[in-house]
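Q: Give me coordinates for this.
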Amino acid sequence: VRLTLHNFSPKAFGFQVFTTDKKIRPTSAECGLEWKDVFLGRNKDYIRFSKSYNGRCKNMQVPKTGETRIFKIYPKLSEFLNRIKPADAKPTDLVFVKLNGRSWDNNSVKDVWNGKSSGSGGVVTQLAADGLINGYLPFYSCRHTFITLMAHSGADLLLLATACGNSIEVIQRHYLGVDTTANFPNI
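A: Okay, the predicted model is just below:
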């Protein structure tokens, strides 16, 4: 998906890498993320999500949960953010902008993802047509993929739950199945 998306839209590629590699609900908080909310270096590697972009009203609002979330930045994500940050970035500059300099919104993301509003065919539609994926996947699948991969890789469930706005119970119920290869320790 990444290679196809990079060829389709370089600006969308950065947005997609971020939303796949760090998953909160797609297109809400990422759309309005400003550099002042990204803390890199000095043992402060985290992102503060305290607002989300409402595409219908075209403004920033308190997130759906009403809570500020802290997302711990891991090395791969830190490298990515450092790579895309302009040298002259101001604290109030958006982290992700479209080619026209405007912020992303649900319609923009959906158009790049599935191409419905433009009729040009989106990246996922093209991948499905080319037989590279089994069928259409909604953008929201990135969130599920991230949580599942992190949970199965042994990430701290409380950290993951806090970052994604879920409870540990929800992650256990919906993202972790029984590991049939696991054994009880011999104690």
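
Q: Quick check on Val38: phi, psi?
A: phi -110, psi 120 (degrees, to the nearest 10).

Q: same thing with the one 3 residues further on?
A: Listed backbone geometry of Gly41 is phi 90, psi 170, with angles given as degrees, to the nearest 10.

Q: In terms of pLDDT, where does Asp93 sit?
A: You'll see Asp93 listed with a pLDDT of 90.

Q: Neighbours of the closest residue to it other than its chain neighbours, how many?
A: In space, and not counting its chain neighbours, Asp93 is closest to Trp35: 5.4 Å by Cβ to Cβ, 6 or more residues apart in numbering. (Each C-beta comes from the backbone N, C-alpha and C, glycine too.) Residues lying near Trp35 (other Cβ atoms under 10 Å) number 17.

Q: Strands along this structure, start to end?
A: All strands of the chain, identified by DSSP state E, fall at 38-39, 46-49, 52-54, 59-61, 69-72.

Q: These: lowest mean pLDDT?
A: Among the strands of the chain, strand 52-54 scores lowest, at a mean of 69.

Q: before we move on, back to that, for the residue nearest to Asp93, give me its contacts.
A: Each residue near Trp35 by Cβ atoms under 8 Å, 6 or more residues apart in numbering is listed here: Lys85, Ala89, Lys90, Pro91, Thr92, Asp93, Val95.

Q: State the distance from Thr162 to Phe80.
A: Distance, Thr162 to Phe80, by Cβ to Cβ, to the nearest Å: 21 Å.

Q: What of Ser108?
A: 20 Å.

Q: now do Ser153
A: Taken as Cβ to Cβ, the span from Ser153 to Phe80 is 18 Å.

Q: Ala87 now?
A: Using Cβ to Cβ, Ala87 is found at 16 Å from Phe80.

Q: between these two, which one's more packed in?
A: Shown here are Ala87 and Phe80; by other Cβ under 10 Å, Phe80 has more neighbours (16 against 4).

Q: pLDDT value on that one, please?
A: So, for Phe80, pLDDT stands at 83.

Q: now stretch 41-60, how far from the centre of its chain.
A: Going by Cα atoms, centre = their mean, to the nearest Å, the spacing between the C-alpha centre of stretch 41-60 and its chain's C-alpha centre is 12 Å.

Q: From one end of it to the other, what's the distance?
A: Using Cα to Cα, to the nearest Å, one end of stretch 41-60 lies 27 Å from the other.
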